[in-house]
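Visitor: next comes the sequence, and after it the predicted model I'd like to discuss.
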Amino acid sequence: MSSPLPPNVHLVDHPLVQHKLTLMRNKTASTNSFRRLLAELASLMTYEVTRDMALQDVQIETPLETMTGKMIDGKKLVFVSILRAGNGILEGMLNVVPGARVGHVGLYRDPKTLHPVEYYFKMPQEMDARDIIVVDPMLATGNSAIAAVDRLKKLNPKSIKFVCLLTCPEGLKAMHDAHPDVPVYTAAVDRQLNDHGYILPGLGDAGDRIFGTQ
C-alpha cells in the first residue's frame, strides 16, 4: 500500500517474515507446507508483538553465582483465536510463549451479508488481569475482528492487540473506525477486497489452505 498506514498499525517487514509469506501465497504450496510456514511465520511475528511485554526481576542461581534476571509472566497473556483459521497461528505463538492461556471465539461469515455470526465463546478466568492478543490470518472486511474485539472488551482486559498475516485498506479502516485503541500487527497490507470480501492478491481462503478443505 503506497499511502501511509493508519495509526496503530505495525507492519512486520522482517525479511524472514516476508520470505515465508511469499511461499505461503503461492497456490502450489501444499497443505502441509502452508501449515508449517504459518507456524514459523507466527513465531517470528510473536517476537515483535510481545516486544513491550512487562518484565519482572527474578533471583536465580547460575552455575557460578546468584543473579537477578528478567522474566515475563506468560500466564497473564491470552492468545484469542478467531475460529477456525486463527488456530493455525496458535501453534507458532505458543512455541514462543508456552505459558500463555488460550481463548476461542467462534465466528462464521454469512455469505450473503458478509457479517459475522457468533457460535462459540470460551475464555480463561480473570480476564481483567490479562493482556489479550487476538489472532486471525486475515483482516479483510474487518467484520469478524471487530465483533471479536467488541465481545472481548466487555471482559475489561488490561489490553488488546490484533495480529494477522494479511490485511487491506478497507479492513484497516473498518478496524480503526471501530477500535482505534487496538494496535494491528500484520505482515502485509494488500491492494483491496474483491466483490466476495477476499483480499487481493491475498493467498486464498486461509482456513481451507490450513486444514486442506479446499
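Guide: Right, received. Where do you want to start?

Visitor: please enumerate the helices of the chain.
Guide: With DSSP state H as the criterion, the chain has helices at 15-25, 31-49, 87-96, 143-153, 169-178, 206-211.

Visitor: need these in JSON lines (columns: mean pLDDT and distance to Val135).
Guide: C-beta coordinates here come from the backbone N, C-alpha and C atoms, glycine included. Rendered in JSON lines, the data for the helices of the chain read as follows (pLDDT from 0 to 100; distance: least, CB to CB, whole Å):
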{"stretch": "helix 15-25", "mean pLDDT": "96", "distance to Val135": "15"}
{"stretch": "helix 31-49", "mean pLDDT": "93", "distance to Val135": "8"}
{"stretch": "helix 87-96", "mean pLDDT": "91", "distance to Val135": "4"}
{"stretch": "helix 143-153", "mean pLDDT": "94", "distance to Val135": "10"}
{"stretch": "helix 169-178", "mean pLDDT": "94", "distance to Val135": "14"}
{"stretch": "helix 206-211", "mean pLDDT": "82", "distance to Val135": "11"}
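
Visitor: next, count neighbours for Thr141.
Guide: Using other CB atoms under 10 Å, Thr141 is surrounded by 21 other residues.

Visitor: relative to its centroid, which residue of this protein is most remote?
Guide: Of all residues in the chain, the one whose C-alpha sits farthest from the chain's mean C-alpha position, using CA atoms, centre = their mean, is Leu64 at 40.5 Å.

Visitor: give the contact list for the nearest residue to Pro201 once chain neighbours are set aside.
Guide: Once its chain neighbours are removed from consideration, Pro201 has its nearest residue in Asp190; the separation is 6.0 Å (CB to CB, 6 or more residues apart in numbering). Taking CB atoms under 8 Å, 6 or more residues apart in numbering as the criterion, Asp190 is in contact with 1, 166-168, 199-202.

Visitor: now the helices of the chain as TSV including distance to Ala129 and mean neighbour count?
Guide: Compiled in TSV, those are given as follows (distance: least, CB to CB, whole Å; neighbours: other CB atoms under 10 Å):
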stretch	distance to Ala129	mean neighbour count
helix 15-25	31	16
helix 31-49	19	19
helix 87-96	20	19
helix 143-153	14	21
helix 169-178	25	18
helix 206-211	31	20
